[in-house]
Every structure is written in structure tokens, then in C-alpha cells.
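> test case, fold it:
(2 chains)
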Amino acid sequence: MSTSAATGLITRPLAAIGRPVLQGLASVGRMVLFTLSVVSHLVRPPFYLREFAHAIMTIGWYSLPVVGLTALFTGGALALQIYDGSSRFSAEAAVPSIVAIGMARELGPVLGGLMVAARVASSIAAEIGTMKVTEQIDALVTLSTNPIKYLAVPRVLAATLTVPVLVAVGDSIGIMGGWLVGVNRLDFNSAAYLKNTVDFLEAADVASGIAKGAVFGFLVALMGCYYGMTSGRGAQGVGKATKLAVVASSVLILGANYLLTEVFFSG
Amino acid sequence: MIELRNVHKAFGDTPVLRGVTFVVPKGESMVVIGGSGTGKSVTLKCILGLVEPDSGEILVGGQPIRRGDRDAFLARFGMLFQGAALFDSLTVWQNVAFRLLRGRQKRPRAEAREIAIEKLRRVGLKAETADLYPAELSGGMQKRVGLARAIAADPEVIFFDEPTTGLDPIMAGVINDLIREIVVEMGATAITITHDMTSVRAIADDVAMLHDGVIQWTGPVSEMDGCSDPYVQQFIHGRAEGPIEAVR
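Have a look, this model is predicted:
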């Protein structure tokens, strides 16, 4: 075997590892720069209030049904599961408090965030990706309008403000789902169920979930905008951008949820 | 007015512009011709600063494009995109008046709408189209709306990117005539990129032939047919044989 062939045998696998690592690092770098750019534009005029109001409606208001239904069924299923588990050591009375705490701390923000990721990150990425492919983003620039300011900032701000509200509404509906199942299926007394919920649920449980909602909303809109603006050409490029936006925002939500839970509750 | 000096641009390992040099005097209409993928659109995007050249110099009104206030620089330009690039979420009049509804050229909404309707009339569209969405218009109407948007703020320089692509010959003729009339009427400097020879003859004062990343020939449109440049002759007569390879 010649020296160059032997060298190739060693360098080729290294290059095969190095290339995706470098691409991955470059991608993270681009994402960080994009995030910094969005954050810096959040506080600098001009502000596009009409676009912001439109984003509030499309991201917040129109996500309400899907988040509400998700919370309702999750709360109900949670009550059934906790009843089944707790009855093994005669602790059925814990069902209302565990449903409330579980919804407020974890399931409300995480499932709400994931549903918003599926609905909003995909639509933002598809919309902005199509705008890029059809040169609408170039047209914005030629019309003296910064695309980050006009497209990304209103969406990111709207999601950061509305997802916590969605989480709060989802928490309430989820607790109501648990109450409905508890009273109708598990023979709880309605007043006792509600009293138990109110007595054990603390403000910090709700506040932590709402804070998580703000972070998840920021991440969802950011990923939608980033992948839309970096979309490849044609239908395939937009499809890939949409998929990546949903995958990235879902993974980031779950990762951020763990970190935030550590911050809020590990002490 | 617009001057490109030895502009180079590559995407990855693929060079697109290999030293583009040309001058467009104030008030003149220059048409850049060349086959698909020869860098015509990249040239326009370099002038607008949408794409940054790797080397070379671009001057607009004697000033390098990267200096000074970017918004003020862009306010001097209007552009008609190949696919019109109208904003789907806005109505026709909001598209036309986009620049007049925000930023430094912002005007009261009613006044902006009035100007938009006047510009729509200028490109042959009725006031009733103002409240439609771009998806409700035909390709020719979308191009006219794109043209109305390009001229809405009375720019000094207008770019037309393949203005007749995808249109039937009659509509293409209408758009060509409109472009010529508007450029003359406004006294604007215009650069059009196209491979439609009918457009070239209707719109151009001067023609530049871009091939292989460089300007192969440039001169007045009246000299185009008689010039001896083999690239120009092959291109304007649509011959498969010649210095330009048919399969690129």
C-alpha cells in the first residue's frame, strides 16, 4: 500500500466526522447570530404595530382551541392515571392536588408549548420560507424594510407574550378536565375536589409554568423565523425548513423545560 | 449614475461574476442580456447590496454603495421582480403603497391609498383592483402591480428583472411599452435584465451582453444587430451553434 493510500485510509473517516461537526457548529453559530439580531431589534424602532397585532391573533388567539383541547384531555387522563396509582396505597385524596400541580408545573407549559410548536413554528417557517423563495424578502429589503424587524420581531414578541397566557388558560382547562373526570367518573365530591385543588396549589407552581411558557413561546417563534429565513429553494426547501422548525423547537422546548425545572425546583 | 468596476462574486467554489464592468449614465435605459445562470440577477442584487461582491467596486451617483445611510440609498431604487414578489398577506393597494405606509416616506393612510390608486391607473389597472389580494390577479396583472409598486415612491433608478417572463406575447408587449413610457416620463435610470429580444428592442438605449461572468459586448441598441461580436450574434438570433455552449 502506498503512503498516500494509507494516509487516505486515516484521513477519510476523520473528514467524514469533521465535516458534519463543522457544519453543525456553523449552524449553531448562525442561529446564535440570528437570535442576537432579533433580540437587538426588539428594543430598537421602528416597531410594526399592525404586524404585531396580527401575530398576536394568529399565534395566540387561534392557538387557543388546540391548546385548550390538549389540556382538557390531558387533565382528564392525568386524573384517571393518578387515581389508579394512588389507590394502590389508599391515597386517592391526592388526585386533585397532583392533577393541579402536574398541569401547572409541567404538562400545561410543555404540552401547550409543543402544540404551539406544531401549529405556529411550522406555519411561520412555511410562510417566511415561501416569501424567501418567491423573492418577497428581497422585495422587503429593496423597500427599505428590514426583514428581521418586519417579519421576525413581531412574531417572536407576540409568541413570548401570548404563550404564557395560553399556558395559564391551558392550566385552568386541564384542572377542569381533571375535575370533570374526578366528579363524573371517580365519584369525587365536587366541592371537596375544588377545595383540595385550591389548598394545595401554590402561586409559585403557576408562576413557574407561565415563565416556562414565555421561554417556549420565544423559542418556537425564533425557530420558525430562523428556518424560514434560511429556507432552501423550491417546495423541497420550504418543506425541509418547516420540518426543521418543528423538530428544533420541540427539542429546544424539552431541553429548556429540564433546565428551567432545575432552576425553579432543584433548591 | 451607476458604475460597476471589475466586480467578482462566487457562490462557494462556483464563480458567477468574473470581473463585470459597465456604466449606465443618468436617465439611460440599459438592458443586460445573457443566458440563464450567467449572473444577470446576481449583478442587480450586488448593486442593491442584497448580495455582497467578493471584490470590485460599485458606484451609484459617484458614491460607493456600502457607504452612508442604507435606507436613504434604497429609497432611490424601485425594483420589479421576476415573479412580481407581491406580499400575499397585503391587498394590492397596500403592496403598491408599501413604502408610503412605513419608514421615512410614511404618509397618512388615505393619501398613500390615493397615490397607490393613481399608480395602478398609470399601469392600466382599475381602482377596483386596489382591494383585491395578489392571489386573485392574473400573472400579467401581478406584473403591473409590481411595476406600480416599483414606481410608487418616484425612484431615481428602476430595475426590471425579467419583466416579461411567463407572459403571453401581447401582455409582454403591454409591459414593455409601459416600462419604456414610465422610464422616459420619470427620467429614471433603468437596468433591465432579460433574454427576451422583443423587450430589448422596446426598452433599451444601451445593451450589455453578459456571458461567463463578464460583459462580452456593450453598445447602443441601434448597433446591436450590426455588431460583429459572435456571442451577441448567436444570442440575438437564437442559434444553437456558436461560442455559447448550448448545454451549460
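> secondary structure element for whichever residue of chain B sits closest to chain A?
At 4.0 Å from chain A, residue B:85 is the closest residue in chain B, using Cβ to the nearest Cβ. Backbone N, C-alpha and C define where each C-beta goes, glycine included. For residue B:85, there is no helix or strand it lies in under DSSP states H and E.
> which residues touch it?
A:134, A:135, A:136, A:138, A:139, B:146 (Cβ atoms under 8 Å, 6 or more residues apart in numbering or on different chains).
> just checking, the last one touches residue B:82?
No - here residue B:146 lies out of contact with residue B:82, judged by Cβ atoms under 8 Å, at a distance of 9.3 Å.
> remind me which residues of chain A are low pLDDT?
Scanning chain A for pLDDT under 70 picks out A:1, A:267.
> for it, which residues are neighbours of chain B?
Proximity of chain A to chain B, by Cβ under 8 Å from any Cβ of the partner chain, involves residues A:46, A:48, A:54, A:131, A:134-136, A:138-139, A:141-145.
> what helix or strand is residue B:199 on?
helix B:197-203.
> only the buried residues of that helix, if you could.
Under the neighbour-count criterion of 16 or more other Cβ atoms under 10 Å in any protein chain shown, helix B:197-203 has B:199, B:200, B:201, B:202, B:203 buried.
> does anything pack onto whichever helix or strand comes after that helix? Which helices or strands?
Where DSSP H and E defines the elements, the next helix or strand beyond helix B:197-203 is strand B:206-211. In this structure, strand B:206-211 makes packing contacts with strand B:14-24, strand B:29-33, strand B:214-220, helix B:221-224, helix B:230-237, judged by 3 or more Cβ pairs under 8 Å, 6 or more residues apart in numbering or on different chains; DSSP states H and E.
> show the buried residues in the residues of chain A next to chain B.
Restricting the residues of chain A next to chain B to buried positions leaves A:48, A:131, A:134, A:135, A:136, A:138, A:139, A:141, A:142, A:143, A:144, A:145, with burial counted as 16+ other Cβ under 10 Å.
> and these, which is closest to residue A:156?
Using Cβ to Cβ, residue A:48 comes nearest to residue A:156 of these, at 12.3 Å.
> now do the helix holding residue B:199: which elements does it pack against?
Under the contact definition 3+ Cβ pairs under 8 Å, 6+ apart, helix B:197-203 sits against strand B:29-33, helix B:169-186, strand B:189-194, helix B:221-224.
> considering the ones you listed, which stretch scores lowest in mean pLDDT?
Ranked by mean pLDDT, the helices and strands packed on helix B:197-203 bottom out at helix B:169-186, with a mean of 87.
> give me the contacts around that one.
Against helix B:169-186 from outside (Cβ under 8 Å, 6+ apart): B:29, B:122-124, B:139-140, B:143-144, B:147, B:151, B:154, B:158, B:160, B:163-164, B:167, B:188, B:190, B:192, B:196, B:198-199, B:202-203.
> again, only this time at 7 Å
For helix B:169-186, contacts defined as Cβ atoms under 7 Å, 6 or more residues apart in numbering or on different chains pick out B:29, B:123, B:140, B:143, B:147, B:151, B:154, B:158, B:160, B:163-164, B:167, B:190, B:196, B:198-199, B:202-203.
> with stretch B:142-152 instead?
Here stretch B:142-152 makes contact (Cβ under 7 Å, 6+ apart) with B:78-81, B:84-86, B:92, B:95-100, B:115-116, B:119-120, B:122-125, B:134, B:137, B:158, B:163, B:167, B:175, B:178, B:182, B:186.
> also stretch B:221-231?
B:200-201, B:204-207, B:209, B:211, B:216-217, B:219, B:232, B:236, B:242-244.
> among those, which ones are buried?
Buried subset of the contacts of stretch B:221-231 (neighbour count, 16+ other Cβ under 10 Å): B:200-201, B:204-207, B:209, B:211, B:216-217, B:232, B:236, B:244.
> ok, which pair from the residues you listed is furthest apart?
Across those, the longest distance by Cβ to Cβ is 24.3 Å; it joins B:205 and B:244.
> quick one: contacts for residue B:236?
With contact taken as Cβ under 7 Å, 6+ apart, residue B:236 is in contact with B:197, B:224, B:225.
> change it to 6 Å
residue B:197 (Cβ atoms under 6 Å, 6 or more residues apart in numbering or on different chains).
> next one: residue A:162
For residue A:162, the contact set (Cβ under 6 Å, 6+ apart) comprises A:56, A:59, A:60.
> between these, which sits nearest residue A:32?
For the contacts of residue A:162, the nearest to residue A:32 is residue A:59 (23.3 Å; Cβ to Cβ).
> what's the neighbour count on the closest one?
The local packing of residue A:59 (other Cβ atoms under 10 Å in any protein chain shown) involves 29 other residues.
> surely it and residue A:158 touch.
Yes - between residue A:59 and residue A:158 there is a contact at 5.0 Å, judged by Cβ atoms under 6 Å.
> where does the residue nearest in space to the middle of chain B land in three-state SS?
Taking Cα atoms, centre = their mean, the centroid of chain B lies closest to residue B:160, which sits 1.8 Å from it. At residue B:160, secondary structure determined by DSSP: H, G, I helix; E, B strand; the rest coil is strand.
> can you list contacts of stretch A:256-267?
A:110, A:208, A:212, A:215.
> how about the contacts made by the last one?
This means residue A:215. residue A:256.
> need phi/psi at it.
Taking degrees, to the nearest 10, you get phi -60, psi -40 for the backbone angles of residue A:215.
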